[in-house]
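A.B. asks: Structure of the sequence below:
(2 chains)
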There are 2 protein chains.
Amino acid sequence: MRKLFFISLIVVASLLVSSCCGGNKEANPGEAAIANIMNRKSVRNFTGESITQEQLETILKAAMAAPTAMNFQPWEFVVLTDHLRIEQIFGQDRQGSMFTNAGAVVVVCGKTSMMRKPFGQPEAEPQEVPNEFWFEDCSAATENLLLAVEAQGLGAVWTACYPIEPRMNMMKDALDLPEGVLPLAIVPIGHPAGEDQPKDKWNPEKIHYNRW
Amino acid sequence: MRKLFFISLIVVASLLVSSCCGGNKEANPGEAAIANIMNRKSVRNFTGESITQEQLETILKAAMAAPTAMNFQPWEFVVLTDHLRIEQIFGQDRQGSMFTNAGAVVVVCGKTSMMRKPFGQPEAEPQEVPNEFWFEDCSAATENLLLAVEAQGLGAVWTACYPIEPRMNMMKDALDLPEGVLPLAIVPIGHPAGEDQPKDKWNPEKIHYNRW
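C.D. replies: Residues are numbered from 1 along each chain as shown, chains lettered A, B, ... in the order given. Presented below is the predicted three-dimensional model:
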């Protein structure tokens, strides 16, 4: 009888283990991806600890996985990991500590023109034309970047650059950006020092079915 | 002895179950979130099957979880689920089937102005000023939307609207958009009819360390 009791005990245990695994929401990759989007928050306070090259590369791969108009991929990323440079550029900033305590600062930039054949003229020479979508493409890349930061347990915040002229000029000078390349967003990335939480922005009034 | 054999058998089984769960990569929510970003692809061919209200709500919740400048949340979403409306609006379109075979079409719009107190004048009355960041905020929301589509095994593609005047005017008329609201992107969402794959856009030459 004691053995029978043991058997049933172990059966129950194994059933518990398997059911807990099956019921584990994190085991569903789709739900985990949605949760990551909902958990992303703006983090402005960092420990000063640096981030690894592997973390940075994962973040930049995610950024470059964003969709772009005509697959032109207009993005360029200036990655500041040298804390002397970060201090030089942002040390005097009103919210400078947001950058100087970060592990790295990524400046998401975009090419504002593209080489393209005139529409309906496949035989014509490609011409340089404005890329009217560079800021949309680079914004999508910036959001992917922020989500890859959240997914790795790091923190970041999107600080605006384009179209704020003084801010853009400061970045163009500091980073030696070439003509035709504009800075869209400045993103400090690091290890969160606080307990920032995501905002609940769900608002059904923003949804209009079939017409405004 | 037979009972002892049973006991050990069940112990081994339960150990197997628990170890397989622990070792499952998908059980790491961060990796699943990164994988979802890397797996997102542009889908233009749909089965015509509709999508559920629950799927739509998850998609729109993800969109509204994007960051926005000064937390203004300038977005508005016109969601076309009525196939007669979709046919009316996109039936004559060059790539109309992309929309008419979709389960739903989401038009991501944004408010181009905001009420704000002049900087440094906390006692002043709020004034209506242009929101210079609406298209960046709405682009981030559109990317979240696309990622939530991918996470649910659905497909979608970001088709550009802003700043293409004729396209914007067509949408403003078709959707009765009020003054000060512009359509940024038109996103057909549905069940993929083909086997679209994500593009590999990783390009280390786009990364500039510490200066251009």
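A.B. asks: Could I get the full set of strands for chain A?
C.D. replies: A:75-80, A:104-111, A:113-116, A:127-130, A:155-156, A:159-160, A:181-190, A:207-209 (DSSP state E).
A.B. asks: Deepest in the core, which of those strands is it.
C.D. replies: Each of those was scored by mean neighbour count; the highest is strand A:155-156, a mean of 28, by mean count of other CB atoms under 10 Å in any protein chain shown. No exception for glycine: its C-beta is placed from N, CA and C like everyone else's.
A.B. asks: Identify the residue nearest residue A:118 in space, chain neighbours excluded?
C.D. replies: residue A:124 (5.3 Å; CB to CB, 6 or more residues apart in numbering or on different chains).
A.B. asks: burial measure for that neighbour, as a count.
C.D. replies: 11 (other CB atoms under 10 Å in any protein chain shown).
A.B. asks: how close does it get to chain B?
C.D. replies: Separation of residue A:124 from chain B (CB to the nearest CB, to the nearest Å) stands at 20 Å.
A.B. asks: what sits against residue A:83?
C.D. replies: Neighbour list for residue A:83: residue A:100 [criterion: CB atoms under 8 Å, 6 or more residues apart in numbering or on different chains].
A.B. asks: Over to the one 5 residues further on?
C.D. replies: Residues in contact with residue A:88 (CB under 8 Å, 6+ apart) are residue A:174.
A.B. asks: Could you report the pLDDT at it?
C.D. replies: pLDDT, residue A:88: 97.
A.B. asks: how many neighbours does residue A:126 have?
C.D. replies: Residue A:126: 10 surrounding residues under other CB under 10 Å.
A.B. asks: Quick check: beta-bridge partners of the closest residue to it other than its chain neighbours?
C.D. replies: Excluding the flanking residues, the one nearest residue A:126 by CB to CB, 6+ apart is residue A:115, at 4.3 Å. Following DSSP bridges, residue A:115 is listed with bridge partners residue A:128.
A.B. asks: Now render the strands of chain A as a markdown table, adding distance to residue A:38 and mean pLDDT.
C.D. replies: Converted to a markdown table, these look like this (distance: least, CB to CB, whole Å; pLDDT from 0 to 100):
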| stretch | distance to residue A:38 | mean pLDDT |
| --- | --- | --- |
| strand A:75-80 | 25 | 98 |
| strand A:104-111 | 23 | 98 |
| strand A:113-116 | 35 | 93 |
| strand A:127-130 | 36 | 94 |
| strand A:155-156 | 16 | 98 |
| strand A:159-160 | 22 | 98 |
| strand A:181-190 | 20 | 98 |
| strand A:207-209 | 17 | 98 |
